[in-house]
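Participant: Coordinates for the following, if possible.
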Amino acid sequence: MRAGANLLGAAAVLAALLAGCADVPLEGAPSPSDPTHSPTAPTKTPSAKPTPKPSPTVKPTTGRNLADAAPVTRLFPARLRDGKPPLFVVVSFDGAGDLTLWSHWRAVAKQVNARMTFFLSGPYLYPGSHRTDYKPPYRKPGASDIGWGDTASVLGRTTVLRQAIAEGHEIGTHGNGHFCGATGVGRWTTAQWTAELSAFDRMVRTGPSLAAGKPVVPPFDPATVKGMRTPCLEGNRPAYRLAMAQRGMLYDASAPGYIAWPKKVNGVWDFPLESVTLAGTTKKTLTMDYNLWYSQTGAKKAPVAQAPAYRAQVLATYRQALAQSRANGNPPLFLGNHFNRWNNSVYSDALTTFVQETCKQPDVRCVSNRELVGWLTRYGVPTSS
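Facilitator: Below you'll find the predicted structure:
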């Protein structure tokens, strides 16, 4: 690609990223201007500070007693019969809190032998009664833009996380408080990111026991988490990637990019959300549900009568992206999503159809990010198709 084209493309990707992050409804939680935005938002604690419960005595656990957050159980060939590498489709979700949608996506994955990556937000496993244990940079202790869990939701998620891991899905981290914009994670240093990741570890290890008031085995070993997507795709990439590399993490799924074979940047694999053209238009957007919504309606809910047309447009956009990959040597297609029912469930419905029709195609392998890392580590980045 010519240098000038590269610059124009980079500008388009940046514009898509900024548009998608301008006013993100955080993890399906209601936005201040739309209190009915999501009927399945994580449970919020009252504004009044609750009386802290005494911490239960928790029997120490070690990594050997806990599930690996990134199981790798499948191997894939270096090349298919046509001489090309497999076309990897990687579906991932941010937040991963809604139990009904957990059930939906696990069922969809089973239908087509897919594995997916779920980037968990720490507060979804931590009770609001102990929220001040979390001390984020530049914020009051206990601050979180996505709320906190309660006993039922924390224990329900603990169970479903164990089940999903047993089915071969991967758990990554989405951080904790989900702070975006000018006062968000963009100004954090490596040391602050290190503290954020350590806080995530503590929430996973101790949250279920705190919620239950008695010892509960954590759903997985947080030390085995190998990937992250940052809140709103933001953050100083060299700073947080250094914190990731120091922990032995392997990939970052936060940056915008293109449909191309991934590379290592700042010591970790860069698995981007990719710039694509919204079907039927000349608009550039990213392969993230919120960005697609923003491109279609400015992230405003459209009348339900328009849902079929918007759903068809999203599905056509995914199909175009798949065709673009096939035409260029089968580089991976990364699709980022949230547990949401935004815009009359247009994005969840379109993705469901795409997964069901695509993951069964002979050249496609629907994998987790961690499975893709394993393949790249084994065979390297293809130099030709």
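Participant: what about the most centrally placed residue in the chain, which SS state?
Facilitator: By CA atoms, centre = their mean, the mean C-alpha position of the chain lies nearest to Asp94, the distance being 3.2 Å. Classification of Asp94 by DSSP: H, G, I helix; E, B strand; the rest coil places it in strand.
Participant: Could you double-check that it sits in contact with Thr117?
Facilitator: No. With contact defined as CB atoms under 8 Å, Asp94 does not reach Thr117; the gap is 10.0 Å. In short, each C-beta sits where N, CA and C put it, glycine included.
Participant: which one is Asp288 nearest to, not counting chain neighbours?
Facilitator: Residue 288: Met, not Asp. Leaving aside its chain neighbours, Met288 sits nearest to Gly336 (4.1 Å; criterion: CB to CB, 6 or more residues apart in numbering).
Participant: Can you check my assumption that the one you found lies in a strand?
Facilitator: Yes. Gly336 forms part of a strand when assessed by three-state DSSP.
Participant: Number of residues surrounding it?
Facilitator: Using other CB atoms under 10 Å, the number of residues around Gly336 comes to 26.
Participant: and it, what is it in contact with?
Facilitator: Neighbouring residues of Gly336 by CB atoms under 8 Å, 6 or more residues apart in numbering: 92-94, 229, 253, 273, 286-289.
Participant: Please narrow these to those residing in helices.
Facilitator: Counted as lying in helices by DSSP state H, out of those, are Asp289.
Participant: Redo the contacts of Gly336 as a markdown table? Include pLDDT.
Facilitator: Below are these laid out as a markdown table (pLDDT from 0 to 100):
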| residue | pLDDT |
| --- | --- |
| Ser92 | 98 |
| Phe93 | 98 |
| Asp94 | 97 |
| Arg229 | 98 |
| Ala253 | 98 |
| Leu273 | 97 |
| Leu286 | 98 |
| Thr287 | 98 |
| Met288 | 97 |
| Asp289 | 97 |
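Participant: Adding distance to Asn113, write the contacts of Gly336 out as a markdown table.
Facilitator: Listed next are the contacts of Gly336 as a markdown table, based on distance: CB to CB, whole Å:
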| residue | distance to Asn113 |
| --- | --- |
| Ser92 | 17 |
| Phe93 | 18 |
| Asp94 | 24 |
| Arg229 | 24 |
| Ala253 | 22 |
| Leu273 | 24 |
| Leu286 | 27 |
| Thr287 | 22 |
| Met288 | 24 |
| Asp289 | 23 |
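Participant: And the contacts of Gly336, which two are furthest apart?
Facilitator: Maximum pairwise distance among the contacts of Gly336 (CB to CB): 15.2 Å, between Phe93 and Leu286.
Participant: mind checking pLDDT for the residue nearest to Met288?
Facilitator: Here the pLDDT value assigned to Gly336 is 97.
Participant: how close does it sit to Tyr290?
Facilitator: 9 Å (CB to CB, to the nearest Å).
Participant: Check Gly122 too.
Facilitator: 21 Å.
Participant: hmm, who's touching stretch 79-88?
Facilitator: 76-78, 322, 325-326, 329-330, 332-333, 362-367, 371-372, 375, 379, 382, 385.
Participant: Now list the buried members of those residues.
Facilitator: 76, 322, 325-326, 330, 332-333, 364-367, 371-372, 375 (16 or more other CB atoms under 10 Å).
Participant: Closest to Val112 out of the residues you listed?
Facilitator: For these, the residue nearest Val112 by CB to CB is Cys366; the value is 6.4 Å.
Participant: in which helix or strand would I find that closest one?
Facilitator: Secondary structure from DSSP states H and E places Cys366 in strand 364-367.
Participant: Which neighbouring elements make contact with that strand?
Facilitator: Where contact means 3 or more CB pairs under 8 Å, 6 or more residues apart in numbering; DSSP states H and E, strand 364-367 is packed against strand 87-95, helix 342-358.
Participant: Report the mean per-residue pLDDT for it.
Facilitator: 98.
Participant: try stretch 147-166
Facilitator: Taken as a whole, stretch 147-166 carries a mean pLDDT of 98.
Participant: Contacts made by it with the rest, please.
Facilitator: The contact list for stretch 147-166, computed with CB under 8 Å, 6+ apart, reads 29, 41-45, 67-69, 71, 96-97, 99, 102-103, 106, 118, 120, 123-128, 131, 171, 207-208, 211-213, 216, 218-220.
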